[in-house]
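In: Okay, here's the prediction I keep looking at, along with the sequence it came from:
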Amino acid sequence: LCGEIEALKQGKWKELSYQIPALDGGLIEEAGFRFMLQGGQDEKLDFCAMVDDLYFDGEPSYTIDFSKERMEYWRPNHWEITQFSRWKGEMELCAEGLRLWDQEEAELYTGHINWQDVTASCTVKPDSCDGAFLLFRVQGAMRCYAFGLCKEGAVLLKNSLGYKELSRTAFSWEYGKLYRLTACVKGSGMECFVDGVPVLQYQDIDRPYEYGAIGLRVQAGSGDFSEIRVNL
């Protein structure tokens with residue numbers, strides 16, 4: 001990906017900018033500058049350029065395709081999946097995407113802690129677990145929101161040094177079937193969907209989390225996740 005060519009003048013500053021397009025399953029690995037010098041092939045040129053600052057901002061608009069991710073092995077009992085950090089539990093890449101499991105609980109995180117109002121979604125196939133969840137406004141292992149499927153239906157949880165229930169609704173689901181979980185969060189308000197159908201709305205008035213990354217969670221069992229999507 002490259003921006004438009006801009007002509008520079010000697011001794012003068014010029015501000016350059018580039019709008020990164022939405023990427024379907026893409027990952028920006030490096031960013032930098034390319035300087036193209038004018039002159040003949042045999043002409044000797046000396047070139048020096050100064051860069052005052054380089055920064056990135058804006059809201060997310062991308063997907064994570066697990067078929068493009070890989071396992072990173074650090075030592076025999078320590079491995080991670082690219083673009084994710086793990087709090088606890090086991091994980092592996094599989095035909096369905098990503099499998100996450102543990103006898104108690106397992107969680108993975110991705111994204112930026114400074115994200116504020118976003119819509120995040122993932123596809124999940126629960127497999128004999130007590131719950132499978134999409135996490136959002138993640139500020140570490142002890143602070144986040146979780147929306148997903150549990151034995152009693154669909155539930156919205158808040159992690160404040162431990163998970164507590166915010167809202168619940170009856171929802172019939174089955175093990176081994178695919179479901180699309182979506183959370184749309186604006187300010188302290190949250191609207192949650194299953195397969196595009198709204199099932200829960202909640203306004204957190206008790207010290208709400210105003211920013212955070214996203215993640216995945218299973219409770220006492222295993223679940224397969226695929227296609228994470230994050231949008232403004």
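Out: That came through fine.

In: First residue to last residue on stretch 80-92, what's the distance there?
Out: The first and last residues of stretch 80-92 sit 9 Å apart, counting by C-alpha to C-alpha, to the nearest Å.

In: whoops, I mixed them up, stretch 66-73
Out: According to C-alpha to C-alpha, stretch 66-73 extends 17 Å from its N-terminal end residue to its C-terminal end residue.

In: Quick one: mean pLDDT for it?
Out: Mean per-residue pLDDT for stretch 66-73: 90.

In: Identify each buried residue in that stretch, please.
Out: 66, 69 (16 or more other C-beta atoms under 10 Å). (C-beta placed from N, C-alpha, C; glycine too.)

In: Repeat that for stretch 108-119.
Out: Buried residues in stretch 108-119, counting neighbours by 16+ other C-beta under 10 Å, are found at 108-111, 115, 118-119.

In: Rebuild those residues as a markdown table, extending it with secondary structure.
Out: Formatted as a markdown table, the buried residues of stretch 108-119 follow (DSSP: H, G, I helix; E, B strand; the rest coil):
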| residue | secondary structure |
| --- | --- |
| Leu108 | strand |
| Tyr109 | strand |
| Thr110 | strand |
| Gly111 | coil |
| Trp115 | coil |
| Val118 | strand |
| Thr119 | strand |
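
In: ok, so of these, who is nearest Phe133?
Out: Minimum distance to Phe133 across these is 11.1 Å, recorded for Leu108 (C-beta to C-beta).

In: what are the bridge partners for the closest one, then?
Out: The residues paired with Leu108 through beta bridges, assigned by DSSP bridges, are Arg86, Leu216.
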